[in-house]
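Peer 1: from the sequence below, what's the structure:
(one chain, ligands or ions: 2)
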Amino acid sequence: MDQMLSNESARTVADMEHQLAVLQQQLVQAQRMTALGELVSTTTHEFNNVLMTILNYAKLGLRHKDEASRDKALTKILAAAERAAQITNGVLGMARNRSQHPEPTDLSGLIREALVLLERDLQKYRIQCRVQLEPIPPVMAIGNQIQQVLMNLIINARQAMKSGGELTISLTHDVATCMAHLTVRDTGSGIPEETLPRIFDPFFSTKSGPDASGQGGTGLGLAACHNIIQAHHGRIRVESTVGRGTAFTIKLPLAPPLQQRQSIPA
Ligand SMILES: Nc1ncnc2c1ncn2[C@@H]1O[C@H](COP(=O)(O)OP(=O)(O)OP(=O)(O)O)[C@@H](O)[C@H]1O
Ligand SMILES: [Mg+2]
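Peer 2: Ligands and ions are numbered 1, 2, ... in the order given. As a prediction, this is how the structure comes out:
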């Protein structure tokens with residue numbers, strides 16, 4: 001009888017664990033769709049600005065026939081078109097399912113891609129961005145999920161610095177633990193001690209709804225970050241001081257060296 005009961009309860013626990021894992025995956029998926037929707041609205045605006053630049057310089061080039069003016073117009077058009085291509089690449093990178101499985105991934109590439117997409121927004125809110133990327137080996141990761149984490153952290157940082165500030169993104173690695181360390185630091189409002197334990201809870205938000213850029217307020221961002229980093233066997237940690245700022249640090253396992261990877265059976 002006892003044995004039956006304990007088999008039964010072991011099954012119930014296993015069922016619940018399975019349901020929890022499914023719900024956690026759904027939360028990540030739902031937050032991804034929200035983030036993509038927000039991104040489409042931000043980048044469409046920006047795309048429009050780039051198109052305006054191209055149109056205006058094309059007209060200028062047609063009006064002024066001298067070589068210097070035409071060269072200037074064409075240089076501006078080229079730079080704007082290159083920026084447009086970067087934006088579409090970034091959005092496509094996030095939209096397409098690069099891979100559903102962890103694979104050796106270049107974190108600095110993901111950081112640069114996220115910044116291309118959010119650069120204009122950061123400028124608009126007078127936020128200086130400092131990027132300190134040490135060359136590190138690839139991490140074992142699902143690229144678009146880590147991009148989702150980065151975008152969430154950068155948008156949160158931006159929203160915490162209402163009247164400007166400094167965003168610092170740094171990347172290092174620890175040879176002893178074979179982990180990459182990625183920090184997103186802001187000089188914003190900080191998080192009061194009493195709210196700190198709740199920030200990773202689903203639907204916890206102190207924002208009253210989407211801001212002027214159409215971002216934020218569902219309270220799923222950090223919950224999704226937490227689930228993603230946990231599924232990657234990584235860690236996410238926060239340090240914050242009210243009035244001074246906040247730093248989120250993510251640790252992710254490095255991909256095993258090539259020789260070891262080749263000897264792992266498929
Ligand atoms: N860098 C930060 N500085 C200050 N507070 C922060 C920061 N990051 C998160 N928070 C706090 O944690 C809460 C939860 O963040 P989370 O990203 O999960 O949700 P959100 O930003 O409110 O909404 P969304 O799901 O749309 O991102 C925020 O509402 C905010 O109070
Ligand atoms: Mg958020």
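Peer 1: OK, contacts around the residue nearest to P202 when sequence neighbours are not counted?
Peer 2: Of all residues beyond its chain neighbours, the one nearest P202 is A223 (4.1 Å), with distances taken as CB to CB, 6 or more residues apart in numbering. Quick note: C-beta positions are derived from backbone N, CA and C, even for glycine. A223 is in contact with 27, 31, 200-204, counting by CB atoms under 8 Å, 6 or more residues apart in numbering.
Peer 1: output the strand or helix carrying E166 as CSV, restricted to C-alpha atoms.
Peer 2: E166 belongs to strand 165-174 when elements are defined using DSSP states H and E. Output in CSV follows, covering the C-alpha atoms of strand 165-174 (Å, rounded to 0.1, in the frame of the first residue of the first chain):
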residue,chain,number,x,y,z
GLY,A,165,22.5,58.1,-18.2
GLU,A,166,25.1,55.5,-19.0
LEU,A,167,24.6,51.9,-20.2
THR,A,168,27.6,49.7,-20.0
ILE,A,169,27.8,46.2,-21.5
SER,A,170,30.8,44.1,-20.7
LEU,A,171,31.8,40.7,-21.7
THR,A,172,34.6,38.6,-20.1
HIS,A,173,35.2,35.0,-19.3
ASP,A,174,36.5,32.8,-16.5
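Peer 1: residue contacts, the closest residue to I228 other than its chain neighbours?
Peer 2: In space, and not counting its chain neighbours, I228 is closest to Q145: 4.7 Å by CB to CB, 6+ apart. Q145 is in contact with 28, 32, 228, 231-232, counting by CB under 8 Å, 6+ apart.
Peer 1: again with L51
Peer 2: Here L51 is in contact with A84 (CB under 8 Å, 6+ apart).
Peer 1: so what's the residue count around the closest residue to ligand 1 within the chain?
Peer 2: Nearest residue of the chain to ligand 1: G221, at 2.7 Å (CB to the nearest ligand atom). Neighbour count of G221, defined by other CB atoms under 10 Å: 28.
Peer 1: please apply the same query to S208.
Peer 2: Look at S208: counted by other CB under 10 Å, it has 8 neighbours.
Peer 1: do you know how far the closest residue in space to it that isn't next to it in sequence is from L196?
Peer 2: Distances taken as CB to CB, 6+ apart put G217 closest to S208, at 6.8 Å, once the chain neighbours are dropped. Distance of G217 to L196, given as CB to CB, to the nearest Å: 19 Å.
Peer 1: with V50 instead?
Peer 2: Here the criterion is CB to CB. By it, V50 lies 40 Å from L196.
Peer 1: which element is A180 on?
Peer 2: In this assignment (DSSP H and E), A180 forms part of strand 179-186.
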